[in-house]
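# sequence first, then the predicted structure, then my questions.
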Amino acid sequence: MIRQSAFTENAYMLKGGLHCHTTRSDGKGTPEAVIALHEENGYDFLALTDHRIYNFKNYLPSSRLTIIPGMEMDWNIAPKHPIHCFHIVFLGREKPNNPYEQDQRFEGGIEISGQEELQPYLDQAHADGQLTFYCHPQWSSTFVREFECLQGNFAMELWNSGSVRGFNIDTNNGFLWDELLMQGKRVYGVAVDDGHSMEDHCHGWVRVRAENNVDSILAALKEGSFYASSGPEIYDFYIDDDGFGHVECSPCREIRFVCATRAMRRLFDESGSMTSGMMPTAVNEFFPYLRAEVTDAQGHTAWTNPIFLHDEK
Ligand SMILES: [Zn+2]
Ligand SMILES: [Zn+2]
């Protein structure tokens, strides 16, 4: 049996937000209000990733939320900027294990020609101990060929609530993700809010198998011990000894087992009450990986991370 690492133990999975904005940059809500809203919505941790300004601080000391240090950075791709750009969220450890300072500002909007010129900035971030993920590819007008050579991002965004609510884009970037996965890249998938207005918050999150502290959460993210959701819950995902994929989840209408850019099996239940599914075809040597998506009766989706079936290329 191969079980995706998020589900190795039958323990509570932390609910977390990895990308949001406040009045520290162009968000509408104060940091206090944004933290309070996430706490009301059952979150355990949150990163305040305002543009180009680093944060470590819990602005609402009465909150039990763990604050993950971080920010969002951006680069413009010449000559079609700013509708053609790269945005990257940085997540890091607490002081003293992080070289950045509270409210440290970074130069944004630097014009570059493409991903080759972005890589040195990512390399520096990683040397500084940051975990990075690739943001809203559709909003950034970037096709896979424009970000597929980036090294070291632990994840990419599959769902971005701000883009979804504003423009009905970045609703399910699974097909872009599959292009990376088909190349043998170990990249995980996150759902985020990128909330700017207060209404944008708390629609996309990750569920992480970790202890509720910064280092444990970052380690679990790096290992892929989490899943992404805009609604449903996933309780288990594994391939049994005979090669059949299994998912257990909250009541849903559809389960898709995905390998390559097509669903290898789509299970559908009009009533929306399906809580488990099995892929009737066993995986074989031609499967580079297997992942699953579940969609509930309201159309909200959750994504497991892949079970990788071959070594990384
Ligand atoms: Zn962005
Ligand atoms: Zn953002």
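Perfect, I can see it now. Ligands and ions are numbered 1, 2, ... in the order given.
# just checking, His81 touches Glu111?
Yes - if you go by CB atoms under 8 Å, His81 and Glu111 touch, sitting 6.4 Å apart. To be clear about C-beta, it is placed using only N, CA and C from the backbone, and glycine gets the same treatment.
# what do the two both touch?
Shared contacts of His81 and Glu111, defined by CB atoms under 8 Å, 6 or more residues apart in numbering, are absent.
# burial of Asn160, as a residue count?
31 (other CB atoms under 10 Å).
# try Pro288
Using other CB under 10 Å as the criterion, the residues surrounding Pro288 number 18.
# what do you get for the one 3 residues further on?
Neighbour count of Arg291, defined by other CB under 10 Å: 25.
# swap in Ile110?
Residues near Ile110, counting by other CB under 10 Å: 14.
# ditto for Glu179
Glu179 has 17 nearby residues by other CB under 10 Å.
# start the count at 36 instead of 1 going forward.
Yes, from this point I'll number from 36; that puts the last item at Glu214.
# surely it meets Glu181?
No - using CB under 8 Å, Glu214 is not in contact with Glu181, being 11.4 Å away.
# give the contact list for the closest residue to ligand 1 within the stretch 236-348 of the chain.
Across the stretch 236-348 of the chain, no residue is closer to ligand 1 than Gly239, which sits at 13.6 Å (CB to the ion). Taking CB under 8 Å, 6+ apart, we find Gly239 in contact with Trp194, Asn195, Ser196, Val199, Ala226, Val227, Asp228, Ala263, Ser264, Ser265.
# how about it: what's its closest non-neighbour residue?
Computed as CB to CB, 6 or more residues apart in numbering, the closest residue to Gly239 that is not its neighbour in sequence is Ala226, at 3.7 Å.
# pull out the buried positions in stretch 273-293.
273-274, 279-284, 287-293 (16 or more other CB atoms under 10 Å).
# looking at those residues, which is nearest His171?
Lowest distance from His171 to the buried residues of stretch 273-293 (CB to CB) belongs to Val293, with 20.8 Å.
# who in the stretch 36-185 of the chain is up against ligand 1?
Residues of the stretch 36-185 of the chain lying close to ligand 1 (CB under 5 Å from the ion) are His122, Cys170.
# for ligand 2, what's its nearest residue on the stretch 36-185 of the chain.
Glu107 (4.7 Å).
# confidence score at that residue?
Looking at Glu107, its pLDDT stands at 98.
# quick check: it is in a strand.
Yes - using DSSP: H, G, I helix; E, B strand; the rest coil, the assignment for Glu107 is a strand.
# test my guess that the residue nearest to Gly239 contacts Glu192.
Yes - the criterion here is CB under 8 Å, and Ala226 meets it with Glu192 at 7.4 Å.
# could you pull up phi and psi at the residue lying closest to His161 once chain neighbours are set aside?
Excluding its sequence neighbours, the residue lying closest to His161 (CB to CB, 6+ apart) is Gly187, at 4.9 Å. Dihedral pair for Gly187: phi 100, psi -10, per degrees, to the nearest 10.
# quick one: contacts for Gly187?
Going by CB under 8 Å, 6+ apart, Gly187 touches Leu157, Asp158, His161, Thr167.
# same check, this time on Leu193
When contacts are counted by CB under 8 Å, 6+ apart, Leu193 touches Asn207, Asn208, Gly209, Trp212, Gly224, Val225, Ala226, Ala263, Trp338.
# residues near the residue in the stretch 186-335 of the chain positioned nearest to ligand 1, how many?
Proximity of the stretch 186-335 of the chain to ligand 1 (CB to the ion) peaks at Asp229, 6.0 Å away. Per other CB under 10 Å, the neighbour tally for Asp229 reads 30.
# I figured it was touching Trp194, is that so?
No - Asp229 is beyond contact range of Trp194, at 9.7 Å (criterion: CB under 8 Å).
# how close does the residue nearest to His161 get to His236?
28 Å (CB to CB, to the nearest Å).
# and Glu74, by the same measure?
From Glu74 over to His236 (counting by CB to CB), the distance is 11 Å.
# and these two? Which one has more around it.
A direct count of neighbours by other CB under 10 Å for Glu74 and His236 places His236 higher, at 26 against 16.
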